[in-house]
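Trainee: how does the following fold in three dimensions:
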Amino acid sequence: MNYKEKVAQAIQAAVDNQLSMDEILEKIENPKTLELGDYAFPAFILAKTLKKAPQLIAAEIVEKINKDGFEKIEAVGPYVNFFLDKKKFSKEVLEVILANGSNYGNQNLGNNGNVPIDMSSPNIAKPMSMGHLRSTVIGNSLGLLLEKTNYNPVRINHLGDWGTQFGKLIVAYRLWGSEEEVKADPINNLLKYYVKFHQEDVEHPELDDQAREVFKKLEEGDEESLELWKWFREESLKKFTEVYDRLGISFDSYNGEAFYNDKMEEVAEILEQKGLLKESQGAEIVDLEKYNLNPALIRKSDGSTLYITRDLAAALYRYRTYDFVKSLYVVGMEQTNHFKQLKAVLNEMGYDWADEIHHIPFGLITSGGKKLSTRSGRVILLEEVLDDAVKLANQQINEKNPDLQDKKAVAEAVGVGAVVFHDLKNERVNNFDFNLEEVVRFEGETGPYVQYSHARAMSILRKANVTNFGNDMEISDTNAWATLRLLEDFPNTVNKAVEDYEPSVIAKYSIHLAKAFNKYYANSRILEEDDEKMARLALVKSVATVLKESLRLLGVKAPNEM
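Mentor: The predicted structure follows:
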């Protein structure tokens, strides 16, 4: 059902194989409006070879081309414009979608190969802030897209559960904390102690020395410090899981930084054996000058290891454990240099699989144009944002449909879905400012708008009360054409989203499909009794199926009623 390929084959035959299929496919365009056709081929590419004006070449192609299966083919200046046979096209597309249901768009790109996705990764003993949203939902959506194209994603929550901050937290807890407080509200009280530490150490720098000493004890296995650390980790995970449950996200592994403590020595040994470790001012480095990168600092002069040592150990562990075909790190753009160094060191170590490590960078969420920061206490909690979004969704449901059944569940799906969708509709490398009122609107380019369009399609199907759409799925109504073209393009859209590691491709597609469908709904009498009624209902069913699947691939629910 690849119509672009059909167009390319017709062109190739008409130009006597002067161009390869790949060359033609690369040049075929989508005209700016459907009035200009469904596909366009620019004849400029042949001007040099044929030594003729592009306008003349276009006219000659139209003369020679096999017009079978096309409504019409015409030359407009230097372009050959192709108009598909609408009736035939609608029948083919709708039959395929109805036969496949939610499996429409499934592809075998991955041959069930494992793909670890390093995602979310909050620091324990701190609440999940809006700053953690991006890595979490981008990683989850990529996992869903990879599943759809027959990869086996392994979602890894590489928890920030080690480092000098735990020395600070333990010092703060011993100075200002209490067991009762932590048991009553673990995360918020642990955050309170952490923020207080940073306020106090401005005037009492000796606190930093104490924190370093405590962390050293923790590394050496001091029992009392380890007990506190384990307790902080368990309480944090319980709280994180509540948020992940609301987002509909689960993980295959919670192996965080602490997991690799006993695996870093091997990395240093391998680097030493391969003659890659060099001394620099008492520290040990790997020289990466040939990659135009700063040296990778493996061990400080005091013998302590760094993030890159830990990430090298993690990369090795993941390759041995999962034998991955690729490995993704959904981590902010500010870490770009770190991942370039990671790949470079692995390449130097002789691991060819390093080429399949991909950093998936993303921009920042800002609030009022300012970066969100935990240390200063300027933190917007993710759980509170989800609560507020659900309240706003609930208000709008009460205004628009006060008698809706399951109001609570629908408000949760709409509110949480709005926050997730808003994040994913932005190209991941872009920063964006977060304004909740704009996010939870039922109009405009929002998650609730797409969900509402799906619910509208379901409402039409309930009214029609039809389960068998018959075989006659030809639609002549030109109002349906934009919707049909978008439905046919869904598999290509999935492919592009996976190739670019870009969930926004799916989010934007779902907005376009919802808009096209709503325009069609406004201009056509879908339930009118005539020869094409069943075909129109098959179209509505197909829209509902593809909108629901698009939302699912973003990690957003699609209520049947709103």
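
Trainee: now do the strands in this protein.
Mentor: Remark: strands assigned in the chain by DSSP state E are 39-42, 70-76, 79-84, 113-118, 151-156, 277-280, 283-286, 296-299, 327-329, 357-359, 365-367, 370-371, 432-433.

Trainee: what lines up beside the second one in the sheet?
Mentor: The partner list of strand 70-76 in its sheet, established with DSSP bridges, is strand 79-84 (antiparallel).

Trainee: can I get the partner strand in CSV, CA atoms only?
Mentor: Once non-C-alpha atoms are left out, strand 79-84 reads as follows in CSV (Å, rounded to 0.1, in the frame of the first residue of the first chain):
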residue,chain,number,x,y,z
TYR,A,79,6.2,19.8,-11.9
VAL,A,80,4.3,16.6,-12.7
ASN,A,81,1.4,16.5,-10.3
PHE,A,82,-0.3,13.2,-9.4
PHE,A,83,-3.9,12.8,-8.2
LEU,A,84,-4.7,9.4,-6.7
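
Trainee: pLDDT below threshold where in this protein?
Mentor: Applying pLDDT under 70 to the chain picks out residues 1, 303, 372-379.

Trainee: return the distance of Pro295 relative to Trp176.
Mentor: As judged by Cβ to Cβ, to the nearest Å, Pro295 and Trp176 stand 40 Å apart. Just so you know, the C-beta spots here come from the backbone N, C-alpha and C atoms, and that holds for glycine as well.

Trainee: can you tell me the closest non-neighbouring residue to the residue most central in space within the chain?
Mentor: Nearest to the geometric centre of the chain sits Ile138, at 3.3 Å (Cα atoms, centre = their mean). Sequence neighbours aside, Val330 is the residue nearest to Ile138 in space, at 5.2 Å (criterion: Cβ to Cβ, 6 or more residues apart in numbering).

Trainee: what about that neighbour, neighbour count?
Mentor: Val330 has 27 neighbouring residues, counting by other Cβ atoms under 10 Å.

Trainee: if I pick it, what's in contact with it?
Mentor: Counting by Cβ atoms under 8 Å, 6 or more residues apart in numbering, Val330 touches Ile117, Asp118, Met119, Ser135, Ile138, Gly139, Leu142, Ile360, Phe362.

Trainee: quick one, phi/psi of the last one?
Mentor: Here is the backbone geometry of Phe362 (degrees, to the nearest 10): phi -150, psi 160.

Trainee: just to revisit the earlier point, who touches the residue nearest to the centre of the chain in this structure?
Mentor: Met119, Val330, Ile360, Phe362, Asp423, Leu424, Arg428, Pro503.

Trainee: which among those end up buried?
Mentor: Neighbour-count burial (16 or more other Cβ atoms under 10 Å) is assigned, among the contacts of Ile138, to Met119, Val330, Ile360, Phe362, Asp423, Leu424, Arg428, Pro503.

Trainee: and the end-to-end length of stretch 78-91?
Mentor: Length of stretch 78-91, first residue to last, Cα to Cα, to the nearest Å: 32 Å.

Trainee: my read: Val331 touches Asn337, true?
Mentor: No. The criterion here is Cβ atoms under 8 Å, and Val331 misses it with Asn337 at 11.6 Å.

Trainee: have a look at the two and say which one is more surrounded.
Mentor: More crowded of Val331 and Asn337, by other Cβ under 10 Å: Val331, with 21 against 11.

Trainee: quick one: contacts for that one?
Mentor: Counting by Cβ under 8 Å, 6+ apart, Val331 touches Asp118, Ser121, Ser135, Phe339, His359, Ile360, Pro361.

Trainee: how about 7 Å then?
Mentor: Taking Cβ atoms under 7 Å, 6 or more residues apart in numbering, we find Val331 in contact with Asp118, Ser135, His359, Pro361.

Trainee: Ser250 too?
Mentor: The contact partners of Ser250, taken as Cβ under 7 Å, 6+ apart, are Tyr244.

Trainee: so Gln12 makes contact with Asp22?
Mentor: No. Checked against Cβ atoms under 7 Å, the pair Gln12 and Asp22 is beyond contact range at 10.5 Å.

Trainee: returning to that earlier point: what's the closest of the contacts of Val331 to Gly444?
Mentor: Proximity of these to Gly444 (Cβ to Cβ) peaks at Ser135, which lies at 26.0 Å.

Trainee: what lies in contact with stretch 240-248?
Mentor: Identification of contacts with stretch 240-248 by Cβ under 7 Å, 6+ apart yields Pro122, Met128, Thr136, Val137, Ser250, Leu382, Glu383, Leu386, Val416, Val420, Gly555.

Trainee: compare these and tell me which is most surrounded.
Mentor: Neighbour counts for the contacts of stretch 240-248 peak at Val420, which has 28 neighbours (criterion: other Cβ under 10 Å).

Trainee: and it, how far from Asn495?
Mentor: From Val420 across to Asn495, the span is 22 Å (Cβ to Cβ).

Trainee: could you do Leu207 as well?
Mentor: Distance, Leu207 to Asn495, using Cβ to Cβ: 54 Å.

Trainee: got it, and Lys533?
Mentor: For Lys533, the distance to Asn495 equals 33 Å [Cβ to Cβ].

Trainee: in the stretch 101-250 of the chain, which spans are helices?
Mentor: Using DSSP state H, counting those that start in this stretch, the helices of the stretch 101-250 of the chain run over 133-148, 164-176, 179-184, 186-200, 206-219, 223-247.

Trainee: output those helices as CSV; include the columns distance to Ala75.
Mentor: Output for the helices of the stretch 101-250 of the chain, formatted as CSV (distance: least, Cβ to Cβ, whole Å):
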stretch, distance to Ala75
helix 133-148, 39
helix 164-176, 68
helix 179-184, 76
helix 186-200, 67
helix 206-219, 74
helix 223-247, 52
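
Trainee: out of those, which one sits most buried?
Mentor: The highest mean neighbour count among the helices of the stretch 101-250 of the chain, using mean count of other Cβ atoms under 10 Å, belongs to helix 133-148: a mean of 24.

Trainee: end to end, how far does stretch 363-370 reach?
Mentor: Across stretch 363-370, the terminal residues are separated by 13 Å (Cα to Cα).

Trainee: distance of the residue lying closest to Gln107 once chain neighbours are set aside from Leu553?
Mentor: Distance criterion Cβ to Cβ, 6+ apart; nearest residue to Gln107, sequence neighbours excluded, is Thr149 at 4.8 Å. As judged by Cβ to Cβ, Thr149 and Leu553 stand 11 Å apart.

Trainee: neighbour-wise, which of the two wins?
Mentor: Remark: of Thr149 and Leu553, Leu553 carries more neighbours, 26 against 18, as counted by other Cβ under 10 Å.

Trainee: residues contacting the more buried one?
Mentor: Listed by Cβ under 7 Å, 6+ apart, the contact set of Leu553 reads Ser141, Leu144, Leu145, Lys148, Ile506.

Trainee: that older thread, need the contacts of Ile138 in a markdown table (columns: distance to Asn157).
Mentor: A markdown table is the format used below for the contacts of Ile138 (distance: Cβ to Cβ, whole Å):
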| residue | distance to Asn157 |
| --- | --- |
| Met119 | 7 |
| Val330 | 11 |
| Ile360 | 15 |
| Phe362 | 17 |
| Asp423 | 18 |
| Leu424 | 19 |
| Arg428 | 19 |
| Pro503 | 19 |
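
Trainee: ok, the residues you listed vs Glu445, which is closest?
Mentor: Closest to Glu445, out of all of the contacts of Ile138 and judged by Cβ to Cβ, is Leu424, at 11.9 Å.

Trainee: correct me if wrong: that closest one contacts Pro503.
Mentor: Yes. Counting by Cβ under 7 Å, Leu424 does reach Pro503; the two are 4.5 Å apart.

Trainee: what do those two both touch?
Mentor: What both Leu424 and Pro503 touch, as defined by Cβ under 7 Å, 6+ apart, is the set Ile138, Ser141, Leu554.

Trainee: so how far is Ile526 from the last one?
Mentor: To tie it back to what came earlier, the one meant is Leu554. 27 Å.

Trainee: which of these two has more neighbours?
Mentor: Counted by other Cβ under 10 Å, Leu554 and Ile526 do not tie: Leu554 has more neighbours, with 26 against 19.
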